[in-house]
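Visitor: Could you work out the structure for the sequence below:
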Amino acid sequence: MLRHAGGKLCAMIAIAACLLITLQDLLGVFVGNLIGLHPLLALQCSSSAMSGGVGTASAFGPIFESWGAPDATTIGVAAGTMGNIMGSLIGGPVAAFLITRNNLKSDPNDKPESAKTGTAATLDNGRMISMFAMTLLIAALGMPIYCILDNIPMIEMPKFIGCLFAGAIARNVMEACNIKFYVPEVDAIEHMFLELYLALVLMTTDITKLAPVAGQMGIILLCQALLMAAFAIFVSYNMFGRNYGAAVMAAGNCGWGCGSGPNAVANEKAVMDEYGWHNVAWVLYPSFAVIIDDIYNPIFLSVFGSFIK
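Guide: The predicted model follows:
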């Protein structure tokens, strides 16, 4: 899929992702200073919760609290939850606006793989067990990587970053060595444990701690929503090719840029159900953009946060 999409599109997706994360943090801290909100709490309402989602916000919450930002975890989780809602509301209208204004059409020959083959992916119990064991092994290998990264001056990483790098290394080594990798089973494991993690985080969140900063948080989130819509229309669409696929990816951009990867998938699916399929946007964009986000966002948050704390 990377070869089919072309290196230029992949580079544009990566640049746009890094640019959006940077703008979210600069805007959040700027607005936070105007309304008197602690800069690290403003950062929790920026790329930490927007591009990073509830997971990144909850991972950086304890770090920011140790730097002097009270209740950063609760505020970040709440901002990430609101971001998921915002991303779902923004993505569809943004894509519809781009498609209507530019009279964009989908390629009728561009269809999902399941539609081409007539079959859908099925899960196998044996493969599920082997992939679960492999996931645990890779997660364990990620801890030494985390320890190395955590010793870099001025950068304080959440522990999942080591697992992220270990997973990326393991996947490339497995492909190079022709070791079988069962994507449907790994996707199922990912979704199960992500939903469980989010449920546990939300269950332990004390929303009464939001009362003192609810108004300030709402102002920053509104600014982030406006930034996301403008960025998708004026930056993402133009960088991704100014075609139907670019409009679909702009909707996906609103999804992960205000919440999470699954939001990007849901936004793109809703747009394609209405206007037609686009394989590159569906297969490449959500996963590749989230990978770039998961690498760049924690590094930028850590470095930028250490300067403004």
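
Visitor: how about low-confidence regions in the stretch 201-309 of the chain?
Guide: Low-confidence segments of the stretch 201-309 of the chain (pLDDT under 70): 201-202, 205.

Visitor: pretty sure residue 271 is in contact with residue 248, am I right?
Guide: Yes. With contact defined as C-beta atoms under 8 Å, residue 271 counts as touching residue 248 (5.3 Å). In this view, the C-beta of every residue, glycine as well, is placed from N, C-alpha and C.

Visitor: Give me the more crowded residue out of the two.
Guide: For residue 271 versus residue 248, neighbours defined as other C-beta atoms under 10 Å are more numerous around residue 248 (30 against 27).

Visitor: if I pick the more buried one, what's in contact with it?
Guide: Residue 248 makes contacts with 95, 268, 271-272, 275, 278, 281-282, 285, as judged by C-beta atoms under 8 Å, 6 or more residues apart in numbering.

Visitor: gap between it and residue 94?
Guide: 11 Å (C-beta to C-beta, to the nearest Å).

Visitor: before we move on, what about residue 243?
Guide: Distance, residue 243 to residue 94, by C-beta to C-beta: 15 Å.

Visitor: Same check on residue 169?
Guide: For residue 169, the distance to residue 94 - C-beta to C-beta - is 35 Å.

Visitor: What of residue 192?
Guide: Taking C-beta to C-beta, one finds residue 192 at 30 Å from residue 94.

Visitor: out of the two, which sits in the busier spot?
Guide: Set residue 192 next to residue 94 and count neighbours by other C-beta under 10 Å: residue 94 wins out with 25 against 11.

Visitor: Setting aside sequence neighbours, what's the nearest residue to the more buried one?
Guide: residue 232 (4.9 Å; C-beta to C-beta, 6 or more residues apart in numbering).

Visitor: now residue 130
Guide: Nearest one to residue 130, counting by C-beta to C-beta, 6+ apart, is residue 182 at 7.6 Å.

Visitor: Then residue 180?
Guide: residue 174 (8.0 Å).

Visitor: Point me to the helix or strand that includes the one you found.
Guide: helix 160-176 (DSSP states H and E).

Visitor: quick one on the thing from earlier: local confidence estimate at the residue nearest to residue 130?
Guide: On pLDDT, residue 182 comes in at 86.

Visitor: how far away is it from residue 174?
Guide: 11 Å.

Visitor: ok, now residue 278?
Guide: 28 Å.

Visitor: In terms of neighbours, single out the busier of the two.
Guide: Just comparing residue 278 and residue 174: by other C-beta under 10 Å the higher neighbour count belongs to residue 278, 23 against 14.

Visitor: OK, contacts around the more buried one?
Guide: Taking C-beta under 8 Å, 6+ apart as the test, what residue 278 contacts is 106-107, 110, 244-245, 248, 272.

Visitor: cool, and residue 62?
Guide: Here residue 62 is in contact with 72-73 (C-beta under 8 Å, 6+ apart).

Visitor: ok, 7 Å please
Guide: residue 73 (C-beta atoms under 7 Å, 6 or more residues apart in numbering).

Visitor: ok now the helix or strand where residue 80 lies, how far from the chain's centre?
Guide: Using DSSP H and E, residue 80 sits in helix 72-101. Its chain's C-alpha centre and that of helix 72-101 lie 12 Å apart, by C-alpha atoms, centre = their mean, to the nearest Å.

Visitor: for that helix, what is the average pLDDT?
Guide: 92.

Visitor: Now do the buried residues in that helix.
Guide: Within helix 72-101, the residues that count as buried by 16 or more other C-beta atoms under 10 Å are 72-84, 86-88, 90-92, 94-99.

Visitor: Same check on stretch 12-20?
Guide: 12-14, 16-18, 20.

Visitor: Kindly format the C-alpha coordinates of stretch 175-194 as CSV.
Guide: In CSV, the C-alpha atoms belonging to stretch 175-194 read as follows (Å, rounded to 0.1, in the frame of the first residue of the first chain):
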residue,chain,number,x,y,z
GLU,A,175,8.5,-9.0,7.3
ALA,A,176,12.3,-9.1,6.3
CYS,A,177,12.6,-12.7,7.7
ASN,A,178,9.2,-13.8,6.2
ILE,A,179,7.8,-14.6,9.6
LYS,A,180,4.0,-14.9,9.4
PHE,A,181,2.1,-11.9,10.9
TYR,A,182,-1.7,-12.2,11.3
VAL,A,183,-3.1,-8.7,11.0
PRO,A,184,-6.8,-9.4,11.7
GLU,A,185,-5.9,-11.2,15.0
VAL,A,186,-3.6,-8.4,16.1
ASP,A,187,-6.2,-5.8,15.2
ALA,A,188,-8.7,-7.6,17.3
ILE,A,189,-6.3,-7.8,20.3
GLU,A,190,-5.6,-4.1,19.9
HIS,A,191,-9.2,-3.1,19.9
MET,A,192,-10.1,-5.3,22.9
PHE,A,193,-7.3,-3.9,25.1
LEU,A,194,-7.7,-0.3,24.0
